[in-house]
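Visitor: Below is the sequence, then the predicted model.
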Amino acid sequence: MEIRKIPITNRKDEHILLVSQEKVESNQTTWLEHVTFVHNTLPELNLDDLTFSCEFLGKSITAPVFVGAMTGGTELTKKINVSLAKAAQKYKIPMMVGSQRVILKHPETKSSFSVVRECAPDIPIVGNIGIAQITTSESFKYVQEIIDNIDADAVAIHLNVIQEVIQPEGDNMFSGAIEKIQMLKDQLDVPIVIKETGCGISKEIAQQLFDIGINIIDVSGVGGTSWVAVEFYRAKKYGEVSKRELGKLFWDWGIPTAASILEVKSVVNRPSSIQIIGSGGIRSGIDIAKALRLGANFAALARPFLMVALEGQDSIETFIEQTFRELKITMLLTGSKNIDELKKAPVVISSSLKEWIEERKIEFKRI
Ligand SMILES: Cc1cc2nc3c(=O)[nH]c(=O)nc-3n(C[C@H](O)[C@H](O)[C@H](O)COP(=O)(O)O)c2cc1C
């Protein structure tokens, strides 16, 4: 896909352009570098015997790896969705689509999302809408439309307060959100995933969400794509000086991914029903293994999948195979024959992450 040749007439395409061509990663890291697996020099395992297959929403998947929520709504993003969905179907991994808000005002864009289900009939697919859109009362009726659009297995509500505040055309109304999430949950017959978009989720918020019956949280912490950075570039382009400066200031705001996974995991007291997706700056099979070791059930990658999708179908497949290989080798080197064993592999936690665990009184079993 030759992105430079595409006329950018729309915010979704503009996001793709900025995320793929500007420096949009946060300066703050994920803190996964403060998690070190204790090397097992005698694993007594064969690489080919290791397995990381698991289940999400009752469907078998090859690996605990998701295509993170990104896009839809335009011709360019439809092509990206088709490529990602074909790969997700081939490798049997779940896929989250980007915000489907656009289909409500522009029903002609529906196919840019529904192609995902057409190309990937067997995998779990997660729909997407922003919290700002469900805080208005008329919103309830259209969430079902969003689900039906892609025959979704679940719907993600994304939290993006800082992005909305800095976005030139963003929303500023955030009160009453928990109540709205609960009302929505009671009306839907698919689970709700609550996800951040790069600022992480704390244990206090996770507890509030668990208390109203939310069972799936995607932490999307700091360390990967910064949406403040993306909005910084847009504010700059549109001459919004104050928002541009706010973008610079809040560029790295939030909870690093490693800390956020630990935060959310620390309040899980019904382990079988709660699922945590570790995301935000997950960039390799080692990162995935560390996210799982800290307490995530799955890991999601967004920007890395966009970058390979723009290169072509082969690049997506090569990337998935390489990532799987990296995860498998990490399992071998920690003596873990499956994900359950990886989740108990000995680790050492150091530096800022160690301090965070102490300061925040988080319980974490290292061995
Ligand atoms: C191009 C792009 C578009 C995105 N659009 C959405 C979206 O519509 N809804 C959403 O919940 N998250 C969206 N995200 C956020 C990602 O799902 C993810 O939380 C965030 O990018 C951090 O992951 P990463 O560091 O692997 O990119 C988008 C990310 C990218 C890169």
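Guide: Thanks, I have the structure now.
Visitor: Pull the distance from the helix-or-strand element of the chain with minimal mean pLDDT to the chain's centre.
Guide: Across the helices and strands of the chain, mean confidence by mean pLDDT, DSSP states H and E is lowest for helix 131-134: a mean of 84. Put simply, helix 131-134 sits 18 Å off its chain's centre (Cα atoms, centre = their mean, to the nearest Å).
Visitor: Can you list the neighbours in contact with it?
Guide: With Cβ atoms under 8 Å, 6 or more residues apart in numbering as the test, helix 131-134 has contacts from 101, 139-140, 143, 157-161, 164, 170-171, 173-174, 177, 180-181, 184. All C-beta atoms are positioned from the backbone trio N, CA, C, and that covers glycine.
Visitor: wait, what's in contact with the nearest residue to His39 once chain neighbours are set aside?
Guide: Counting by Cβ to Cβ, 6 or more residues apart in numbering, Leu333 is the residue found nearest to His39 once chain neighbours are left out, at 6.0 Å. Listed by Cβ under 8 Å, 6+ apart, the contact partners of Leu333 are 37, 39-40, 43.
Visitor: Now for the residue of the stretch 101-250 of the chain found nearest the ligand, how many residues are close by?
Guide: Residue of the stretch 101-250 of the chain nearest the ligand, by Cβ to the nearest ligand atom: Gly224 (1.9 Å). By the criterion of other Cβ atoms under 10 Å, Gly224 has 24 neighbours.
Visitor: pretty sure it contacts Ser260?
Guide: No. In terms of Cβ atoms under 8 Å, Gly224 does not count as a neighbour of Ser260; the distance is 11.7 Å.
Visitor: Next, show the common contact partners of those two.
Guide: Residues within reach of Gly224 and of Ser260 at once, by Cβ under 8 Å, 6+ apart, are Gly280.
Visitor: And the helix or strand harbouring Ala235, what does it pack against?
Guide: Assigning secondary structure by DSSP states H and E places Ala235 in helix 227-237. In this structure, helix 227-237 packs against helix 11-21, helix 161-166, helix 241-250, with contacts taken as 3 or more Cβ pairs under 8 Å, 6 or more residues apart in numbering; DSSP states H and E.
Visitor: among the ones you listed, which is nearest Lys105?
Guide: Distance to Lys105, taken as Cβ to Cβ, is lowest for helix 11-21 among these, at 12.5 Å.
Visitor: okay, the angle between the closest one and helix 227-237?
Guide: Relative orientation of helix 11-21 and helix 227-237, computed by axes from the mean of the first three to the mean of the last three Cα atoms, to 10 degrees: 110 degrees.
Visitor: Show me what helix 11-21 is packed against.
Guide: helix 75-91, helix 227-237, helix 303-311.
Visitor: Run through the residues that contact the residue of the stretch 101-250 of the chain closest to the ligand.
Guide: Gly224 makes contact with 25-26, 30, 198, 257, 279-283, 302-303, according to Cβ under 8 Å, 6+ apart.
Visitor: Sitting in strands, which of the residues you listed do you find?
Guide: Ser279 (DSSP state E).
Visitor: Dump the contacts of Gly224 to JSON lines, plus distance to Gly213, neighbour count and pLDDT.
Guide: Listed next are the contacts of Gly224 as JSON lines, based on distance: Cβ to Cβ, whole Å; neighbours: other Cβ atoms under 10 Å; pLDDT from 0 to 100:
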{"residue": "Glu25", "distance to Gly213": "34", "neighbour count": "19", "pLDDT": "97"}
{"residue": "Ser26", "distance to Gly213": "32", "neighbour count": "24", "pLDDT": "98"}
{"residue": "Thr30", "distance to Gly213": "29", "neighbour count": "29", "pLDDT": "98"}
{"residue": "Gly198", "distance to Gly213": "25", "neighbour count": "30", "pLDDT": "97"}
{"residue": "Thr257", "distance to Gly213": "25", "neighbour count": "33", "pLDDT": "98"}
{"residue": "Ser279", "distance to Gly213": "22", "neighbour count": "33", "pLDDT": "98"}
{"residue": "Gly280", "distance to Gly213": "24", "neighbour count": "34", "pLDDT": "98"}
{"residue": "Gly281", "distance to Gly213": "29", "neighbour count": "29", "pLDDT": "98"}
{"residue": "Ile282", "distance to Gly213": "27", "neighbour count": "31", "pLDDT": "98"}
{"residue": "Arg283", "distance to Gly213": "33", "neighbour count": "16", "pLDDT": "98"}
{"residue": "Ala302", "distance to Gly213": "26", "neighbour count": "25", "pLDDT": "98"}
{"residue": "Arg303", "distance to Gly213": "31", "neighbour count": "19", "pLDDT": "98"}
